[in-house]
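Engineer: Quick one, what's the 3D model for this:
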Amino acid sequence: MSVNSTLFQTINDLGKDFPFINPLFIFLAEYMLYFLALFLLIFWFTRIYHNRLMVIQAALSFILAECFGKLVSTLHSNYQPFVELKDVNLLIVKEVNNSFPSDHTIVFFSICVSFALMRKHQWYIWLPLAGLVGLSRIWVGVHYPADVAVGALLATLAALIMYRITPHLRLVRLSLEKYSQFENKVFRINN
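Structural biologist: Presented below is the predicted three-dimensional model:
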């Protein structure tokens, strides 16, 4: 058995040993994505330029990380652990496909690392959240640790790249300015 499979079994078996924690990990694995989308909307509608730049940076980080993920998935693929291993504690329904790298992990790390970079005083919220979601994908039986680790690595790299690039993109600055002008006109009409 490989290190990846052994580590998977160790983490996944915790759900058998501590079943009272399973609802938390199911929530993180399945439903935390909706809350992440809600955070993006809240930050956008604060009407603060820095927050909107952060949302755009997070979105661009996600797109870049997904491109990295698709490229890497052409070099290596594996099915989910519940397909390849026996006695997996599968806690959620998941279709069978290439699970390398973990798309959920890519989403969370690209957005949460972007938030942590832009809101440095809140890193202790965003980074552990991304880590817990990654861990939850192993706990519920749908990803190997390598799927999660590579997804986190690619997403972090994408977030770091976009953190350096996004504030200097003229198109981003102009788009934010035009959107703010449009929004101000709409609010004046409605008042």
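
Engineer: now the helices: where do they sit in this protein?
Structural biologist: Taking DSSP state H to define them, one finds helices in the chain at 3-17, 22-30, 32-44, 49-75, 81-84, 103-118, 123-139, 145-165, 170-190.

Engineer: Of these, which is nearest residue 93?
Structural biologist: Closest approach to residue 93 among the helices of the chain (C-beta to C-beta): helix 22-30, 9.3 Å. (Glycine included, C-beta is placed from N, CA and C.)

Engineer: The closest one packs against which elements?
Structural biologist: If contacts are counted by 3 or more C-beta pairs under 8 Å, 6 or more residues apart in numbering; DSSP states H and E, helix 22-30 sits against helix 123-139.

Engineer: rewinding a little: and the helices of the chain: which comes nearest residue 91?
Structural biologist: Closest among the helices of the chain, using C-beta to C-beta: helix 22-30, at 5.4 Å.

Engineer: if we can go back for a sec, for the helices of the chain, could you give me TSV that also reports mean neighbour count and mean pLDDT?
Structural biologist: Output for the helices of the chain, formatted as TSV (neighbours: other C-beta atoms under 10 Å; pLDDT from 0 to 100):
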stretch	mean neighbour count	mean pLDDT
helix 3-17	16	93
helix 22-30	17	96
helix 32-44	14	95
helix 49-75	18	95
helix 81-84	18	90
helix 103-118	26	97
helix 123-139	20	96
helix 145-165	22	97
helix 170-190	11	79
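
Engineer: Dump those helices into CSV; add distance to residue 94 as well.
Structural biologist: Listed next are those as CSV, based on distance: least, C-beta to C-beta, whole Å:
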stretch, distance to residue 94
helix 3-17, 13
helix 22-30, 9
helix 32-44, 14
helix 49-75, 16
helix 81-84, 7
helix 103-118, 10
helix 123-139, 9
helix 145-165, 12
helix 170-190, 35
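
Engineer: so which of the ones you listed comes closest to residue 96?
Structural biologist: If we rank the helices of the chain by C-beta to C-beta, the stretch that ends up nearest is helix 81-84, at 5.4 Å.

Engineer: Now do the contacts for the most centrally placed residue in the chain.
Structural biologist: Geometric centre of the chain, nearest residue: residue 108, 1.3 Å, by C-alpha atoms, centre = their mean. Going by C-beta atoms under 8 Å, 6 or more residues apart in numbering, residue 108 touches 32-33, 36, 129-130, 133-134, 155.

Engineer: In CSV, list the residues you listed along with distance to residue 144.
Structural biologist: Compiled in CSV, the contacts of residue 108 are given as follows (distance: C-beta to C-beta, whole Å):
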residue, distance to residue 144
32, 20
33, 20
36, 23
129, 21
130, 18
133, 15
134, 11
155, 17
